[in-house]
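Colleague: Quick one, structure for this:
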Amino acid sequence: MPWLDQSVNEIVLATRNPDKGRELGALLGGIGIRIRTLEDFPTAPEVEEDGTTCEANAIKKAREIARATRVPALADDTGLEVDALEGRPGVYAARYAGEHATYEDNCRKLLMELAGVPPINRKARFLTVAAIAFPSGDVHVTQGSLEGVITEQPIGDRGFGYDPVFFVPEFNKTLAQLTIEEKNRISHRAKAFTQMRAWLKERPLA
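Modeller: Predicted structure coming up:
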């Protein structure tokens, strides 16, 4: 498609979450593209994440922010699928305990729902979908996943979201115990954005 050859010299991250902004900035750095945030666009709209899939939410956020800012916008959405809960919280992971829930609220609700469930039945996975949208409406999508186990209590003080309760067998640690370098090698978000970074590196610079 011709639009895939258009130049990209800056993008805006479609998030107001400072934790996510720092993580994504680290994943996308060093490719000669200016990384902006919604702090640079205070009039950009709040986008309602009302899709039933992570892909739908990521594309909607990216398109609306690109349309509002006239800058290519990069958005992502992450779901947490827990086998014992038949895939919940899924796409509603960020607001599992309510619309204005904190990270701690969401983790607390998840652990309460899994109370008494043995470790062998606490398997879970993160799925991240990343989407970059151009002001024209054209979109490119990547995704990544990470398998793990939900712990019985929070462990670790790094990261954010469900990181303290998501155990990664490969490291024998939760995501909240990993360094940012370790996390960025194996996380669901890192996998999706590593693919996106490679795609962006192939775009011509203006």
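Colleague: contacts, neighbours, all on C-alpha from now
Modeller: Noted.
Colleague: Which elements pack onto the worst-scoring helix or strand of the chain on mean pLDDT?
Modeller: Ranking every helix and strand in the chain by mean pLDDT, DSSP states H and E puts helix 18-28 at the bottom, with a mean of 79. Helix 18-28 makes packing contacts with strand 34-37, helix 188-201 when contacts are defined by 3 or more C-alpha pairs under 8 Å, 6 or more residues apart in numbering; DSSP states H and E.
Colleague: from the ones you listed, which stretch is densest packed?
Modeller: Mean neighbour count (mean count of other C-alpha atoms under 10 Å) peaks for helix 188-201 among these, with a mean of 20.
Colleague: Return the distance of that helix from the chain's centre.
Modeller: Helix 188-201 sits 11 Å away from the centroid of its parent chain (C-alpha atoms, centre = their mean, to the nearest Å).
Colleague: nearest to Ala133, of the helices and strands packed on helix 18-28?
Modeller: Nearest to Ala133 among the helices and strands packed on helix 18-28 is helix 188-201 (11.9 Å), distances taken as C-alpha to C-alpha.
Colleague: Endpoints of stretch 38-56, how far apart?
Modeller: Start-to-end span of stretch 38-56 (C-alpha to C-alpha, to the nearest Å) is 20 Å.
Colleague: Now it: buried residues?
Modeller: 38, 44, 49, 53-56 (16 or more other C-alpha atoms under 10 Å).
Colleague: hang on, the earlier thing: adding mean pLDDT and distance to Leu175, write the helices and strands packed on helix 18-28 out as TSV.
Modeller: Listed next are the helices and strands packed on helix 18-28 as TSV, based on pLDDT from 0 to 100; distance: least, C-alpha to C-alpha, whole Å:
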stretch	mean pLDDT	distance to Leu175
strand 34-37	87	25
helix 188-201	91	11
